[in-house]
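Novice: build me a model:
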Amino acid sequence: MSYFSLSTKSLKDKGLKIAVVYLHEKGTFEVWLSARNREIAKKYEAVFDNNVSDVILFHDINNQDAIIECTLTSVPSFEDQALLTDIIREGVGKFITIVSNLLIS
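Specialist: Just a heads-up that it's a prediction; the model follows:
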């Protein structure tokens, strides 16, 4: 796994961050909502239970590093880096918007 993290001010204030993750074994890019620690993660897990959006959110119970996850692309084209960058950027943007909206509702 390779990743980098980013945050917005409102997420950071809550102890949350976004991770853009490349899973080498699966060959997929995902975006995760993660917390500074397990206590914060548990606090926010309930917010995302039973919430539906136009983006498929899921949580792999074996992944203790993520509160919620979303696959950005399961077949990345490394030949077209501009397209891959656009897919990741747009997917992360949608994910942040959905997460932010769920946290304030």
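Novice: alpha carbons only for contacts and neighbour counts from here, please
Specialist: Noted.
Novice: okay, now the unreliable bits of the protein?
Specialist: Low-confidence segments of the chain, defined by pLDDT under 70, are located at 50-55, 105.
Novice: scan it for its longest helix.
Specialist: Scanning the chain for the helix with the most residues, using DSSP state H, yields helix 81-104.
Novice: what bridges to the spatially most central residue of the chain?
Specialist: Nearest to the geometric centre of the chain sits Trp32, at 2.3 Å (Cα atoms, centre = their mean). With DSSP bridges applied, the residues forming beta bridges to Trp32 are Ala19, Glu69.
Novice: oh, and call the first residue 321 from now on, that's how I've got it
Specialist: In the new numbering, first residue 321, that becomes Trp352.
Novice: circling back: report the buried residues of the longest helix of the chain.
Specialist: Buried residues in helix 401-424, counted by 16 or more other Cα atoms under 10 Å: Leu404, Ile407, Ile408, Gly411, Val412, Phe415, Ile416, Ile418, Val419.
Novice: what's the neighbour count on Val367?
Specialist: For Val367, the tally of surrounding residues (other Cα atoms under 10 Å) stands at 15.
Novice: list the contacts of the helix or strand hosting it.
Specialist: In this structure, Val367 sits in helix 358-368 according to DSSP states H and E. Residues outside helix 358-368 that contact it (Cα atoms under 8 Å, 6 or more residues apart in numbering): Gly335, Leu336, Ser354, Ala355, Ala386, Ile387, Ile388, Leu422, Leu423.
Novice: could you do stretch 392-403 as well?
Specialist: Surrounding stretch 392-403, the residues in contact under the criterion Cα under 8 Å, 6+ apart are Lys346, Gly347, Thr348, Phe349, Glu350, Val351, Leu404, Ile407, Ile408, Gly411, Val412.
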